[in-house]
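# Generate a structure from the sequence data that follows.
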Amino acid sequence: MIEKLKKLKINIGWKSLVLIGVCVVLVLIDLLTKIFEEKYNWNFTVIPNFIEVESGSRNPGCAFSFLADSSWGQPFLIAMTFILLAVIISVFIVLPERFTFLKVAICLITAGAIGNLVDRIAYREVRDFVGINMFGRMVSCNFADFWIVFGTVIAVVDMLFINEWAVFPLTKKAKAAQKAREQAEKAEKEESADDKNDAE
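Numbers count the residues shown, from 1 in each chain. A predicted model of the protein is given here:
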């Protein structure tokens, strides 16, 4: 395990630099929409009974107001966000450039996490203003939440079906990469067995 960690290296190419720029823009979009929502008191319907914008909704917890009533909720959520950001940013840095979809997913999740983290630190709550009808109930959220959801969906789809480590590889590239890896592992085992026999 330690040997594998030693082999890790920084993988920041032009794709990663573009995604870092996109991440900054997404954070700004989230924070600016929150500022404008407060300033101009947005109240309008986008899609009747499905998407409605209403100013003033505040969430001291996280998704579906979880931990909203706990005195330790905000400190816990802030600490967990910092830990999450440390982990996913580290993954982004060492992840090879060929894992494009996964890097896009990390970019989106990072932008969403930072956007809501700013709110938690500054206001001890998250500014929500977009109401979405989920299973007959209006749930309030913001653009940072959208970034996190989109990023999570992309990451799950990529890890399940698309990239070379996919659980159920569907693309030719993923299948070829997994086949090559299996052959390399087989050759490594055979070489290790031969070395063992020679030693005996």
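# hey, let's count contacts and neighbours off CA atoms from now on
OK.
# Tell me the helices and strands packed up against the helix or strand Leu19 falls within.
Leu19 belongs to helix 14-40 when elements are defined using DSSP states H and E. Where contact means 3 or more C-alpha pairs under 8 Å, 6 or more residues apart in numbering; DSSP states H and E, helix 14-40 is packed against strand 51-59, helix 100-123, strand 126-134, helix 143-157.
# at 10 Å what do you get?
Judged by 3 or more C-alpha pairs under 10 Å, 6 or more residues apart in numbering; DSSP states H and E, the packing partners of helix 14-40 are strand 51-59, helix 73-94, helix 100-123, strand 126-134, helix 143-157.
# Which residue, other than its chain neighbours, is closest to the residue sitting nearest the centre point of the chain?
Among the residues of the chain, Ile109 comes closest to the average C-alpha position under C-alpha atoms, centre = their mean, at 2.8 Å. Distance criterion C-alpha to C-alpha, 6 or more residues apart in numbering; nearest residue to Ile109, sequence neighbours excluded, is Ile148 at 4.4 Å.
# surely that neighbour meets Ala113?
Yes: the pair Ile148 / Ala113 is scored as a contact, 7.1 Å apart, by C-alpha atoms under 10 Å.
# Name the residues contacting each of the two.
Cys107 (C-alpha atoms under 10 Å, 6 or more residues apart in numbering).
# how does the chain divide up, domain by domain?
For the chain, automatic domain parsing gives the domain ranges 9-163, 171-200.
# Pick out the shakiest of those, pLDDT-wise.
The minimum mean pLDDT among the domains of the chain belongs to domain 171-200 (a mean of 77).
# what about it, distance to the chain center?
How far domain 171-200 lies from its chain's middle: 33 Å, per C-alpha atoms, centre = their mean, to the nearest Å.
# and if you look at stretch 43-54?
Counting by C-alpha atoms, centre = their mean, stretch 43-54 comes out at 26 Å from the chain centroid.
# ditto for stretch 32-43
On C-alpha atoms, centre = their mean, the centre of stretch 32-43 falls 25 Å from the chain's centre.
# Stretch 123-133 now?
19 Å.
# Could you export that stretch as CSV, CA atoms only?
Provided in CSV are the C-alpha atoms of stretch 123-133 (Å, rounded to 0.1, in the frame of the first residue of the first chain):
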residue,chain,number,x,y,z
TYR,A,123,-24.2,32.9,8.1
ARG,A,124,-24.3,29.6,10.1
GLU,A,125,-26.9,28.5,7.5
VAL,A,126,-27.3,27.9,3.8
ARG,A,127,-29.2,30.3,1.6
ASP,A,128,-31.7,28.4,-0.5
PHE,A,129,-34.1,29.9,-3.0
VAL,A,130,-35.0,27.3,-5.6
GLY,A,131,-37.9,25.1,-4.8
ILE,A,132,-38.2,21.8,-6.6
ASN,A,133,-41.1,19.4,-6.4
